[in-house]
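Engineer: missing the sequence, but the structure's below:
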């Protein structure tokens with residue numbers, strides 16, 4: 001979608017938004033090794049770059065809502081090209097989505113400006129409902145609506161349009177205080193139990209939020225591989241990468257438990 005051609009009052013992708021395909025089922029061995037090296041070389045800083053990957057693969061911000069909004073067309077394209085009926089959707093995020101954009105048609109704004117849907121609503125500019133033109137599903141913006149509330153609505157629309165099972169993975173902190181700010185579970189008892197489970201098992205299921213199943217994975221040392229970290233240069237062979245992944249999963253009881261729960265959802 002080209003932002004400059006977007007009609008007024010229609011949600012749109014920002015100019016810099018792109019879907020980036022790292023892996024697919026038609027890749028050759030050399031392509032798989034190269035893309036694996038790119039991913040393993042990411043430094044995890046706020047600019048999201050890999051020292052050996054082209055600038056095209058730079059990651060930045062969290063355009064989760066935009067990604068969900070456009071994913072239904074990608075899923076249908078995937079189904080057609082691969083002749084499959086059932087497609088499961090996996091979403092990995094480390095935080096709430098940045099606000100999605102739209103073009104305002106009000107009297108005092110330029111028609112060429114793009115504005116955040118949450119910013120416009122909180123400023124009292126009268127944007128009350130979001131409607132999906134295909135399913136006719138509508139959700140109303142509320143004064144206390146937070147980013148994850150909006151993501152939940154986009155997920156409901158996506159699931160309705162595609163029939164896909166949606167599994168979410170989110171990296172979460174271990175402290176109750178930070179979990180309260182980041183996960184925002186209204187029930188304190190539920191939040192306390194989630195915090196207890198995630199510290200004990202290194203993961204736990206986050207209730208609700210629009211997913212069929214939403215896993216919170218404890219951050220910090222729990223995310224480190226068994227041998228400290230993957231050191232890659234871009235010249236690794238397929239066998240070397242496979243060995244590194246095997247070492248990383250060795251002795252990870254919690255990882256196997258999480259995998260078993262995941263398999264139950266998509267089987």
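Structural biologist: Okay, I see it. Bear in mind the structure is a predicted one, so any value in this text is a computation, not a measurement.
Engineer: for residue 71, give me its contacts.
Structural biologist: The neighbourhood of residue 71, defined by C-beta atoms under 8 Å, 6 or more residues apart in numbering, consists of 89, 158, 162. In short, each C-beta sits where N, CA and C put it, glycine included.
Engineer: let's see which of these end up in helices.
Structural biologist: If you go by DSSP state H, those have 158, 162 in helices.
Engineer: emit the PyMOL select command for whichever of the contacts of residue 71 are buried.
Structural biologist: In PyMOL syntax, the buried subset of the contacts of residue 71 is picked out as below (16 or more other C-beta atoms under 10 Å):
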select buried, resi 89+158+162
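Engineer: redo the contacts of residue 71 as TSV? Include distance to residue 76 and pLDDT.
Structural biologist: Below are these laid out as TSV (distance: C-beta to C-beta, whole Å; pLDDT from 0 to 100):
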residue	distance to residue 76	pLDDT
89	12	96
158	12	93
162	7	93
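Engineer: could you check how far residue 73 is from residue 41?
Structural biologist: Distance of residue 73 to residue 41, computed by C-beta to C-beta, to the nearest Å: 30 Å.
Engineer: how about residue 139?
Structural biologist: In terms of C-beta to C-beta, residue 139 sits 40 Å off from residue 41.
Engineer: just the strands in the stretch 101-250 of the chain please.
Structural biologist: Per DSSP state E, counting those that start in this stretch, the stretch 101-250 of the chain carries strands over the ranges 101-103, 114-116, 129-131, 138-140, 166-172, 203-205, 213-218.
Engineer: partners of the third one in the sheet?
Structural biologist: Strand 129-131 has these partner strands in its sheet, going by DSSP bridges: strand 138-140 (antiparallel).
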